[in-house]
Every structure is written in structure tokens, then in C-alpha cells.
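>>> Generate coordinates for the sequence data below:
(chains A and B)
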There are 2 protein chains.
Amino acid sequence: MKELVQLHKDQFIDELKEFLRIPSISALSEHKQDVQKAAEWLAGSLEKMGIENVEVIETKGHPIVYGDWLHAEGKPTVLVYGHYDVQPSVPLELWETPPFEPVIRDGKIFARGATDDKGQLMIHVKAAELLLKENNGELPVNLKFCIEGEEEVASPNLSPFIEENLTKLAADAVVISDTSFINKNQPAIATSLRGALALELKLTTANTDLHSGSYGGGVPNAVHSIIRLLDSMHDEKGKVAVEGFYQGVAEPTGELRKEVAEIPFDENSLKEELGIDELDGEEGFTFNERTGIRPTLEINGVGGGFTGEGLKTIVPGEAVAKISCRLVGEQDPDKVYESIQKHVERFKPAGSRVDIKKLIGAHPVSLNSNNPMIQKAADAYEKVYGVRPLFPKEGGSIPIVEVFARVLDAPVVLMGFGLNTENLHAPNEHFHLENYTKGIETVCNYLTSLSRELP
Amino acid sequence: MKELVQLHKDQFIDELKEFLRIPSISALSEHKQDVQKAAEWLAGSLEKMGIENVEVIETKGHPIVYGDWLHAEGKPTVLVYGHYDVQPSVPLELWETPPFEPVIRDGKIFARGATDDKGQLMIHVKAAELLLKENNGELPVNLKFCIEGEEEVASPNLSPFIEENLTKLAADAVVISDTSFINKNQPAIATSLRGALALELKLTTANTDLHSGSYGGGVPNAVHSIIRLLDSMHDEKGKVAVEGFYQGVAEPTGELRKEVAEIPFDENSLKEELGIDELDGEEGFTFNERTGIRPTLEINGVGGGFTGEGLKTIVPGEAVAKISCRLVGEQDPDKVYESIQKHVERFKPAGSRVDIKKLIGAHPVSLNSNNPMIQKAADAYEKVYGVRPLFPKEGGSIPIVEVFARVLDAPVVLMGFGLNTENLHAPNEHFHLENYTKGIETVCNYLTSLSRELP
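Okay, here's the model as predicted:
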């Protein structure tokens, strides 16, 4: 299998580059056509290689790409989920090369979406293509693709689509590659994902910016007010200070803490690589715990007044913030949202009017690593990488995982091929080409292994 | 005089519009040519009307426009200072009409620079033009114009120019129109100006933005850090919490407080007009005191992370803020800057690296309202408006006033014709045309009155 992948390597990379050139930023309405284009590109690809019933299914937002191959009678059915949309690319000036002009440097391909998720998604597309080509148009298992274009905006239309298409999507396993290795040498299959709640907050103190000479010190300043409000959301010990936030969060058991502690973590190399002087976070927990099994409230952005070149001596009349929370255990995104609303009403400084808008809500999810569909995936990794994957608690959220697991009642296998250091959601996002080719090999092995004996 | 001004009113307004169409934003390097163009437009205007020795004097930054008329032997010499540069116009979307396409609505002319300071500066240009025209090319006094293009970026090149041109600029009074009435019906000649200190602050926690799922809660967040740092700069009572900030600030005397209390202030109409729910500020002081005789520390802007459409679930690695202080009494801008530097070092959260850059430093200034050059200006207002001006403590800063007063050893007469409500430094800046024409009349009367008897 390895030789076969190597034989087609250049073609596989060229096709990934083609896919990466489409700026399918789902969050920005000006890119709506590009998102559509990426869906059509993907559908065309699937069709060409022999996947059947390929459709670009319109939704209220961006389309879902579906396709299947269902002729492996008596064999299991695998549903591959991924997303062809990408994060916005600002701040552009921090990219060494333009985000939508893929470039290879040091064995890595640099482009927005390289690791999240176009590169990882293409692993499954190319694995299927290779298997079809090598087996006279046959696959070892039944395969379905369900690829969305709204993952980066919280999948507003995929949940209803799943609920309405139970038969079409029914599967023995849902396979998703949108997570990360522990480090370059240690593959991982995540067995829990944190939930998420995201919101935006607009604070207004006046109907215009005011001259700071005439009004400064005498009227509320929207920036002063928002920083005081935002600062009230964490206490001195790094805990979230929103009343009710920790409801449903259990103290981690000794066993869980032990499991988390086994995930390698090199504080010094992390600090050096990211230019960080000191770690930070909730007192009493390790880095792995803080980022994997503890809930967080993170301000993703704040803006108000004038921050351009030079100076504007104004009292800002308006300020905005984006906030996202990672949730664990039994935390309910709706209840956390209510807690934050109450907190804002209670702690907003006098003279502030605050509008809050919910952007995302997703429940945490936990998967059983003993499921044979997961164990077989681990076998496939071990065969290719020579190392058996660990089963970490992933800090990120893939809101739809909980829906797949619950609605389709199928094990979800989180076969990540990314690295945490690949700048996902940041400038200079990239993907290690070694994991692209080894990933294709791993997935070929996995699908083939599933056909040998029913798990 | 009134009839004469009315006769030329349309021409005066057309010429102001022409001046306002030039986007002479001194803070933005992309507008360097526009600033130059405004200087040349102004110089051309002065030359055409009969002002002599007109020069566009290059500096390290934007040019100074000089011109004079010195044939009134035995009469006093008046130096008119003003500025032809304007503030940036962002946020553009809040302007009802474009900032550099002047439009008249309800007797007000809307454009960036309308009141600050092109409209007010043009009062002096047009007054001199009218006097020259009506008196066969003669003026009642000797007149000098010294107009800069860097007031909105803190006049970095004007102080040295004044120091090097003492003879050229020598005058019996420096007249400046860049301040405001108390309200529409109450003119004012400001007799103190607050000093200013402005700085920008960049806080870095990592060399890139990070994914909040993988790193959130485990590494420092530049936005969390900057809000905590900025929030530490004010206490619960609205006082500036920077150690040493109030050094040189005397408790206001009963007399001063009484004087300030006499300035009319209508809390309800201010709130209604500006959309403010509650006033704010230093406990124990009135609005007039807070904005006129007390020092302030105002955050003019803050930015970090993602605040665009949609969501980016990042841990921001960098955040910025702009801060400006208004200073009073014996506060020294250099010492206040040092206090803030020390505060930042002491209160910046662990894991933050902070760069501070000083943008502006200006001493407070106090003028004697009994000076005859000021009293004669008051007479001229009274003649035109039917009301004698008050002598308020102006909250704003015109850094160069202190330099004029000290270096030229001349009384500075702050003949303001603006209104505080004219959105200076904000979207929809405007200027009441009634004050434009009445201003020209007032200045004509003032200059004529100075020729009658040596003050």
C-alpha cells in the first residue's frame, strides 16, 4: 500500500493544492460563491473517481456534498464526515505567503484549510480513489461521504439534515479526520470533545464617539465599560467567575487525571515554539487538564474606539467582543448562555447598554475507546506509523460529533492526522505532507481491515 | 459690518466647502499629498486676498503656512494661529454623508474639519479678506498668519519653528479659534487648557494567534491580559489608579469651583442629545469639574483578536490600546508617562510583554482673563452676539498654546466659535454657519477695535 500511495503522491498533492486555492471562507458572505465552488469541486472529484449518487445539496446556508458507494454486500458501512469550508484568513499581513496560494516548504503545505480540514478530508477522498482504482472499481466496504461547508460557522444546517436523512446516512461507523496527533511521533484517536458556546457582545454608551477633551472623564467610555465587564468574567485564580458556569462539571476522578497525565506534554518546547513566556489558566490543574477536560471562557476578540495609525482623542461610544466557551461533562450550552446573560446584566457598568447574540451552542461528547471500530482504526495507525495511538481528551469542539453519535447511534472514530502546531485558525496554517500520504495509507488499511471480519 | 458679511456669505461658504473637500488627514501617511494640497490651497487664498510674504514652509512633517501684512504702523500686531489638518474619518459607515463632501443641512455644514479647525480658521482668513477689500488694501492692525498641518498629530514641528523664528512671529497677541461656545447662546473665551499625554501600548503573549480548542485555558490570552491591565488603571470611584498620576494636581479652591459652577450645564439635554444613560467620572466632582479642571486617563481604543463577521475561535496573541490623558495644574507629561510605564510593568499579567510608545506630551496652560487683548475680544463678541463671553476652563488641549504663551511671551486669545456638540473628532462633524458668519463679523470688529487705542 505504501508504494502505491508513493506512486500517486504528486498527483494527490496537486489535487490538494487545487482544493486549497478555493477561498471557501464560510463566515464571510462575500465568499459565498467560493464556498459553492469548493462544494462543486469536491462533488466533481468524487464523481470522477467512481463514487455514486453524488449530490450538492442546497441548504439555507452553504451546501452539503453527499456521495456513496454501496455495493459491498454484507460488509460494514462507513460514513465519512468532513468539511470543505475554512476559517477567515485575517490578519493577512502575518502570512508569509498568501493564504490561498498553497506553497510547500520543509515538507509542509502552507494554506488556509491545509490541516483544517481540506488536507485531512482529502485523505479519505484519495484513499477511496486509490482503493477503487486498485480493485477494479470496488471498495472493501460500503462508503458514504457527507461533507459540509458550514463547520467553521457551527454547522447550523447539518443537524436538521442528519435528522431528516436517517436512512441515507445510516452507518456502522462515522469516521472524521479533523483532530490532531499528540505530537509528530504520537498518533491519537480523540475519545472526548469539549462542547462549545460562542457569543458576541456589543456594548454602547453613547450614540457617537465623543471628543476626549470635551467629554473625557465626564461620560461613560464604552471601552472602559467593556474591559471592566470582560475582566469580571475571570477571577484571580483563572477560574471563570460567571455564576452557574461550572454547573454539570464534575471534579475529575483520579483515573481520568491519570489518563490525561499520560498524554506527553513538553512545556519548554511549547513555550519556545509559540513564543510564550509563561503558561496560564485555572489554578490547580495541569496544562493537559486545562485544555482537555476543563471548561473555559475565552475572549476571542475585543474592539472599540480608534486603534489605527496615529491617534484619535475620543471617548469611544461603542465596543464589541467575541467570546467562546469550551464545555465539558454535563454542561448545557443553553444554560451557560443564560448564566452569561445574567452575569452581563449584573456586572455591566452603569450607563452601558449591552446586546448579546448567541453564535454557537454544542454539547460535550464522550466516546468509548473500546469500541471495535475505534480499535481497528488504532490497528491501522500502528501498522503505518509503528506506534499505537493514544486516546486523548481533545480540547476542541466538533459540534456535529455529538449529533452523529446520538442521532445515527453509531460510534464516531476521530482519526486525526493534524498537528496542534499547524497554526489552525491562525496565520500560516499548514499540514505535514508526510501525514497526508501516511494518512491515505492508514485509511486504506483501515477500510480494508473492516472488510475482513465484521467487527 | 453685518450687512457686509451677509453680502459675501455665499462666496465665503463656497470657499469653505472647497477647503473641506481636501482630505488633509495628518495622521495617515497615505494622505500626505492631501495635506500638502490643503497647505497650498490656503497659501493661494492668502496671497490672492492681499496677504504678503506668503510661504509654504516645509518641515520634517507637514508644512507650515505663513503670511503677513505689516503696514499698520504704530498699531498692534496680531498673530493668527490655526490648523488646516483634520482627524481621521473612520468609522466611515457612521457618517450620514461622506466626510469630504461638504453638505449643508439645517444651517450646519457637515464635513470632517468643519469645526475643527478649517471652519474656525477660515473665519480669520475671510475677516482679513473683507477688511482688506473694504479699506483699499489696508488692515487696521498688523496681521500674521501661522497655520500648521500637524495639530492633530501633536504639532511635532511647530515648537522648534516658533523657537527659531521669534522675530518673524513676534506679536502683541496670539489669536486662536479652535475652541467652543458653552452652548449655542453663550460664547466663551477659554482661559485654561488641559495638558495632554498620549501613548500606545502593544501587549504580546505569543508569536501567533492560537486555536482556542487546543490552547484555550492553558496559555495566556493577550485580550484577557490587556483588559486586566487596562482595567487596573481606574479604581471603583472613577479615580485614575496609576501611582503618582495626581502629583501636581491641587485640590480646586472654593473660588475655582464657584467659577466652574457658573458655566451652564444641562445634564438632561446632554444625555438626550448624545444618547447617554448616565454620566460617569471621578467621585466627588461635577461634570464641569471632571471635564474642565480635573485630569483624566481615557482609553481611546482597544483591539485584539477577531471581531469581524462570524467567529474565529482563537486565543489572541497580541492586543493594542491607545490611551490619552488630560493634565492640569503642575502635572508634567513626562512624569505622568513614567508613572504609567511603572504601572504597566507592575500590573501587566504574567506572560505578557508590553511595548509602550509616547505619542504626545503637552503641559497644561492657564491664561489671565483680565488681559486687555482678551477683554477686547470679549467686547467684540458682545457687540455681535449681544451676550458677553464667559471665561471657562476648557477640557481640551491645544498643546501649542503653552508654547506660544511662553516662547512669544504674548497673551493667547482663545476666540472659539465651535460648539461642543458639533461631533469634533467623530462621525458627522459639522459647524453652524451662523457662527461662521457671526465669527467673521466678530473678528472684523475685534481687529478694528484694536486699532482704535493701544490696549
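>>> what helix or strand does the nearest residue in space to residue A:273 that is not next to it in sequence sit in?
Once flanking residues are discounted, residue A:273 sits nearest to residue A:421: 6.2 Å by C-beta to C-beta, 6 or more residues apart in numbering or on different chains. (Glycine included, C-beta is placed from N, CA and C.) According to DSSP states H and E, residue A:421 maps onto no helix or strand at all.
>>> tally of neighbours for residue A:168?
Using other C-beta atoms under 10 Å in any protein chain shown, residue A:168 is surrounded by 14 other residues.
>>> so it touches residue A:66, yeah?
Yes. Using C-beta atoms under 8 Å, residue A:168 is in contact with residue A:66, at 7.5 Å.
>>> so what sits against both of these two?
Common neighbours of residue A:168 and residue A:66 are listed as residue A:144 (criterion: C-beta atoms under 8 Å, 6 or more residues apart in numbering or on different chains).
>>> one step back: just the pLDDT for the residue nearest to residue A:273.
According to the prediction, residue A:421 has pLDDT 89.
>>> Residue A:409 too?
For residue A:409, the predicted pLDDT is 94.
>>> Contact partners for the closest residue to chain B within the stretch 151-300 of chain A?
Chain B sits closest to residue A:213 of the stretch 151-300 of chain A, with a gap of 2.7 Å, by C-beta to the nearest C-beta. When contacts are counted by C-beta under 8 Å, 6+ apart, residue A:213 is found next to A:313, B:194, B:196, B:326, B:394-397.
>>> and the two most separated of those?
A:313 and B:394 (13.5 Å; C-beta to C-beta).
>>> Identify the spatial nearest neighbour of residue A:383, chain neighbours not counted.
residue A:445 (5.5 Å).
>>> got a list of what that neighbour touches?
A:1, A:380, A:383-384.
>>> Pull the number of nearby residues for the residue nearest to residue A:273.
With other C-beta under 10 Å as criterion, residue A:421 counts 19.
>>> What sits closest to residue A:177 if chain neighbours are left out?
residue A:120 (3.9 Å).
>>> And the pLDDT for residue A:173?
Here the pLDDT value assigned to residue A:173 is 97.
>>> tell me which element the residue lying closest to it once chain neighbours are set aside is part of?
Of all residues not flanking residue A:173 in the chain, residue A:373 sits nearest, at 4.0 Å (C-beta to C-beta, 6+ apart). For residue A:373, the host element (DSSP H and E) is helix A:372-385.
>>> packing partners for that helix?
The contact analysis (3 or more C-beta pairs under 8 Å, 6 or more residues apart in numbering or on different chains; DSSP states H and E) places helix A:372-385 against strand A:189-190, strand A:412-415, helix A:433-452.
>>> where does the residue of the stretch 151-300 of chain A closest to chain B land in three-state SS?
Here residue A:213 is recorded as helix under DSSP: H, G, I helix; E, B strand; the rest coil.
>>> separation between it and residue B:298?
Residue A:213 is 9 Å from residue B:298, where distance means C-beta to C-beta, to the nearest Å.
>>> Name the residues contacting each of the two.
Counting by C-beta under 8 Å, 6+ apart, the residues touching both residue A:213 and residue B:298 are A:313, B:326.
>>> sorry, back to before: now, the most widely separated pair of the contacts of residue A:445?
A:1 and A:380 (10.2 Å).
>>> okay, now residue A:275: neighbour count?
By other C-beta under 10 Å, neighbour count at residue A:275 equals 13.
>>> Give me the nearest residue to it, chain neighbours excluded.
residue B:207 (3.3 Å).
>>> cool, and residue A:125?
In space, residue A:125 is closest to residue A:45, 6.2 Å off (C-beta to C-beta, 6+ apart).
>>> likewise residue A:83?
residue A:151 (3.5 Å).
>>> residues in contact with the closest residue to residue A:142 other than its chain neighbours?
Spatially, and ignoring its direct neighbours in sequence, residue A:142 is nearest to residue A:77 (3.9 Å; C-beta to C-beta, 6+ apart). Neighbouring residues of residue A:77 by C-beta under 8 Å, 6+ apart: A:70, A:141-144, A:170-172.
>>> What strand or helix carries residue A:74?
Using DSSP H and E, no helix or strand contains residue A:74.
>>> same check, this time on the one 5 residues further on
Take DSSP H and E as the rule and residue A:79 turns out to sit in strand A:77-83.
>>> Just checking: what are the partner strands of that strand?
Strand A:77-83 sits in its sheet next to strand A:142-148 (parallel), strand A:173-176 (parallel), going by DSSP bridges.
>>> Residue A:219 belongs to a strand?
No. With three-state DSSP as the criterion, residue A:219 is coil rather than part of a strand.
>>> isn't it right up against residue A:207?
No. If you go by C-beta under 8 Å, residue A:219 and residue A:207 don't touch, sitting 11.5 Å apart.
>>> Pull up the overlap in contacts between the two.
residue B:274.
>>> Who are the contact partners of the closest residue to residue A:149 other than its chain neighbours?
Leaving aside its chain neighbours, residue A:149 sits nearest to residue A:62 (3.4 Å; criterion: C-beta to C-beta, 6+ apart). Residues in contact with residue A:62 (C-beta under 8 Å, 6+ apart) are A:26, A:32, A:35-36, A:39, A:85, A:148-150, A:157.
>>> Try it again at 6 Å.
Neighbour list for residue A:62: A:26, A:35, A:149-150 [criterion: C-beta atoms under 6 Å, 6 or more residues apart in numbering or on different chains].
>>> Am I right that it sits in a helix?
No. According to three-state DSSP, residue A:62 belongs to no helix; its state is coil.
>>> How much space separates the residue nearest to residue A:275 from residue B:214?
Distance from residue B:207 to residue B:214, counting by C-beta to C-beta: 16 Å.
>>> Between the two, point out the one with more neighbours.
Taking neighbours as other C-beta under 10 Å, residue B:207 and residue B:214 compare with residue B:214 leading, 23 against 14.
>>> how much space between the more buried one and chain A?
Applying C-beta to the nearest C-beta, to the nearest Å, the value for residue B:214 to chain A is 5 Å.
>>> ok, that residue touching residue A:422?
No. Here residue B:214 does not reach residue A:422: they are 10.0 Å apart, not a contact under C-beta atoms under 6 Å.
>>> Where does the stretch 351-455 of chain A get nearest to chain B, which residue?
Taking C-beta to the nearest C-beta, the stretch 351-455 of chain A has residue A:396 as its residue nearest chain B, at 2.6 Å.
>>> about what we covered before: okay, now the residue nearest to residue A:173: neighbour count?
So residue A:373, with other C-beta under 10 Å, has 20 neighbours.
>>> what do you get for residue A:100?
18.
>>> How about residue A:357?
9.
>>> mind listing what the residue nearest the centre of chain A touches?
In chain A, the residue lying closest to the centroid (C-alpha atoms, centre = their mean) is residue A:398, at 5.4 Å. Residue A:398 is in contact with A:178, A:193, counting by C-beta under 6 Å, 6+ apart.
>>> Next, find the distance separating the closest residue to the residue of the stretch 351-455 of chain A closest to chain B other than its chain neighbours from residue B:101.
Leaving aside its sequence neighbours, residue A:396 sits nearest to residue B:213 (C-beta to C-beta, 6+ apart; 2.6 Å). Between residue B:213 and residue B:101 the computed distance is 47 Å (C-beta to C-beta).
>>> again, but for residue A:97
40 Å.
>>> now swap in residue A:4 and tell me
66 Å.
>>> just to revisit the earlier point, now the residue of the stretch 351-455 of chain A closest to chain B: how far from residue A:419?
13 Å.
>>> Could you give the average pLDDT over stretch A:318-332?
95.
>>> That one vs chain B: in contact?
Yes. Contact of stretch A:318-332 with chain B (C-beta under 6 Å from any C-beta of the partner chain) involves A:320, A:324.
>>> Contacts for that stretch next, please.
Residues contacting stretch A:318-332 (C-beta under 6 Å, 6+ apart): A:194-195, A:197-204, A:222-223, A:226, A:230, A:248-250, A:293, A:295-304, A:336, A:364, B:212, B:307, B:313.
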